[in-house]
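In: Below is the sequence, then the predicted model.
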Amino acid sequence: MFVFREAELKDADRIANLHAQSWQQNYRGSFSDEFLDNEVLDNRLAVWRERFRNPNEHQHIVIAEENRQLLGFICSYFKENPIYGTYLDNLHVSDTAKGKGIGTKLMGNLAQEIIGRNYKNGFYLWVLNTNYAAISFYDRIGGESLETVEANDIGDTVFQKTRYVWKDMNAFLKLVKTKSRIER
C-alpha cells in the first residue's frame, strides 16, 4: 500500500539519493559523466539539506513510500510565477516503482492542493530535452509544451530544456483519473 505524506527533515538524505540516482539514469548526455559519476550525490545532498533547513515559504514536498521505502517525491513552489502558477521543480520516481502510477498520483496531489488553496493558475515544470521518458509521460498526461531554452543552471554543461504547463487543474485531474482507469 502506497503512503503519500509531506516530507520531513529526516527524509532529506533519502530524497537526495533518489534524486541523484534519477539524474544518473536520465541525464547522461546532458551532464558530464564526471559530474554524474562523482559529484551529483554531494550536489543533491547539499541542495536537499538546505531546502529542509531553510525552506522557502511556498515550498511543498510530498513523498510516496511503501513499507518505509521511498518510491518517489515531488517538490513544488506555490505561486512562483504570475502567469504559469506553481513551479513543479522536482518529480522523481525510483526505477523499481515506475509504471505504478506514483508520478501521476504525486502530480494529482499537487493539482488538488492548488485547488484547495484556491490558486487560480495551474502548474509548470522544466524538463531536459534528453529525458525522453519524462517528455513522453508529460505528453500523455496533458502537458502543453510551451518553449525550449538553452540553460546551464544545474550540472556542469549547457543543455536544452522545455517548459511544460498544465493550466486547468480540474481538467488535469479528470484526464489522469480517466487514464488510470483505462490502464488498469
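Out: Received, thanks.
In: My guess is Ile115 contacts Met169. True?
Out: Yes. Applying C-beta atoms under 8 Å, one finds Ile115 in contact with Met169, separated by 5.1 Å. C-beta: built from backbone N, CA, C; applies to glycine.
In: which residues in this structure form strands?
Out: Secondary structure of the chain (DSSP state E): strands at 3-6, 59-66, 69-81, 85-93, 123-128, 144-151, 159-166.
In: what's in contact with the first one?
Out: Residues outside strand 3-6 that contact it (C-beta atoms under 8 Å, 6 or more residues apart in numbering) are His60, Ile61, Val62, Ile63, Ala64, Glu65, Glu66, Lys105, Leu106, Asn109.
In: go again using 10 Å as the cut-off
Out: Residues external to strand 3-6 that are found in contact with it (C-beta atoms under 10 Å, 6 or more residues apart in numbering): 11, 60-68, 71-74, 102, 105-106, 108-109.
In: from those, which would you call buried?
Out: 11, 60-65, 71-74, 102, 105-106, 108-109 (16 or more other C-beta atoms under 10 Å).
In: Max pairwise distance over these: which two?
Out: The span of these, defined through C-beta to C-beta, is set by Asp11 and Gly108 at 20.4 Å.
In: can the strands of the chain go into a markdown table with extra columns for distance to Glu50 and mean pLDDT?
Out: Listed next are those as a markdown table, based on distance: least, C-beta to C-beta, whole Å; pLDDT from 0 to 100:
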| stretch | distance to Glu50 | mean pLDDT |
| --- | --- | --- |
| strand 3-6 | 18 | 95 |
| strand 59-66 | 11 | 97 |
| strand 69-81 | 12 | 96 |
| strand 85-93 | 13 | 97 |
| strand 123-128 | 20 | 96 |
| strand 144-151 | 21 | 93 |
| strand 159-166 | 22 | 94 |
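In: Dump those strands to a markdown table, plus distance to Tyr138.
Out: What follows is the strands of the chain, written out as a markdown table (distance: least, C-beta to C-beta, whole Å):
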| stretch | distance to Tyr138 |
| --- | --- |
| strand 3-6 | 20 |
| strand 59-66 | 18 |
| strand 69-81 | 13 |
| strand 85-93 | 9 |
| strand 123-128 | 6 |
| strand 144-151 | 8 |
| strand 159-166 | 5 |
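In: which one of these lies closest to Glu39?
Out: From the strands of the chain, taking C-beta to C-beta, the stretch that ends up closest is strand 159-166, at 15.9 Å.
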